[in-house]
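J.: Have a look; sequence and predicted model below, questions after that.
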Amino acid sequence: MGFLVPRRVGLLGGSFNPAHGGHLHISREALKRLKLDQIWWLVSPHNPLKPVQDMAPVVERMAEARKQARDPRIKVLGLETRLGTRYTIDTIGALRRLFPRTRFVWLMGADNLGQIRRWRGWPRIFRSVPVAVLDRPTYSSRALNELPAQVFRRGRVGPAVARWLADRAPPAWTFLPIRRDPRSATALRVQPKP
């Protein structure tokens, strides 16, 4: 891996097409509120739910993510490419086998909680690692009423105890109300280039 694997790691997966300050914002909030040692940005070679034609090459997305990370506790990794995994549940399983002493927390924006039921094996994600959902503009109230939030409602812990989320046995998840950052990769892709 090229670095010492810490004990408590947040996993932020995605296309990062492109990475932007919103990713950095939620990562810093997660580091602080969840008492994580590091966050790994897992730049996916291809998101099975997104069209290929809109996706920049993974090498470009990794390079842009490294520019955006700007925090030594955030590591930009192409682990899905190296591991040969395509789906989040498979990536989590591989990481848990490779790093059995590390306590992982899956991080996602509220927009993803609203659509995670389209992900392969989504209930197994909640049963494999604790999950932290971070506030996103326009998504939060709707996402908290979606099926995943209802199915795992008994595993939800409040923000006041979220600092111990990495130490809880799954299914355990929290919703973190943070300052909402309006930036999105979709909006950035449609902006005209300077």
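T.: That came through fine. Numbers count the residues shown, from 1 in each chain.

J.: How far off centre is stretch 112-128?
T.: Relative to its chain's centre, stretch 112-128 lies at 12 Å (Cα atoms, centre = their mean, to the nearest Å).

J.: and if you look at stretch 96-106?
T.: Remark: stretch 96-106 is offset 14 Å from the chain centroid, using Cα atoms, centre = their mean.

J.: Name the residues of it that are buried.
T.: For stretch 96-106, burial by neighbour count (16 or more other Cβ atoms under 10 Å) applies to T102, R103, F104, V105, W106. (C-beta placed from N, C-alpha, C; glycine too.)

J.: With just CA atoms, put that stretch into PDB.
T.: Only the C-alpha atoms of stretch 96-106 are listed here, as PDB (Å, rounded to 0.1, in the frame of the first residue of the first chain):
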ATOM      1  CA  ARG A  96     -11.900  -6.300   5.400                       C
ATOM      2  CA  ARG A  97     -10.000  -9.400   4.400                       C
ATOM      3  CA  LEU A  98      -6.800  -7.500   3.600                       C
ATOM      4  CA  PHE A  99      -6.900  -5.300   6.700                       C
ATOM      5  CA  PRO A 100      -8.600  -7.300   9.400                       C
ATOM      6  CA  ARG A 101      -7.500  -5.000  12.300                       C
ATOM      7  CA  THR A 102      -8.800  -1.800  10.600                       C
ATOM      8  CA  ARG A 103     -12.200  -0.500  11.600                       C
ATOM      9  CA  PHE A 104     -13.900   0.800   8.400                       C
ATOM     10  CA  VAL A 105     -16.800   3.200   8.100                       C
ATOM     11  CA  TRP A 106     -18.600   3.600   4.700                       C
END
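
J.: what sits up against that stretch?
T.: With contacts defined as Cβ atoms under 8 Å, 6 or more residues apart in numbering, stretch 96-106 is touched by 5-11, 13, 30, 34, 36, 88, 92, 95, 125, 128-132, 165-167.

J.: Excluding residues flanking it in the chain, which one is nearest I92?
T.: Leaving aside its chain neighbours, I92 sits nearest to S128 (5.2 Å; criterion: Cβ to Cβ, 6 or more residues apart in numbering).

J.: Might one say that the one you found is in contact with D90?
T.: No. The criterion here is Cβ atoms under 8 Å, and S128 misses it with D90 at 10.6 Å.

J.: Which residue of those two possesses the greater neighbour count?
T.: S128 (19 against 16; other Cβ atoms under 10 Å).

J.: how about that one, what does it touch?
T.: Counting by Cβ under 8 Å, 6+ apart, S128 touches I89, I92, G93, R96, P170.

J.: Quick check: pLDDT value at it.
T.: Model confidence at S128, given as pLDDT, is 98.
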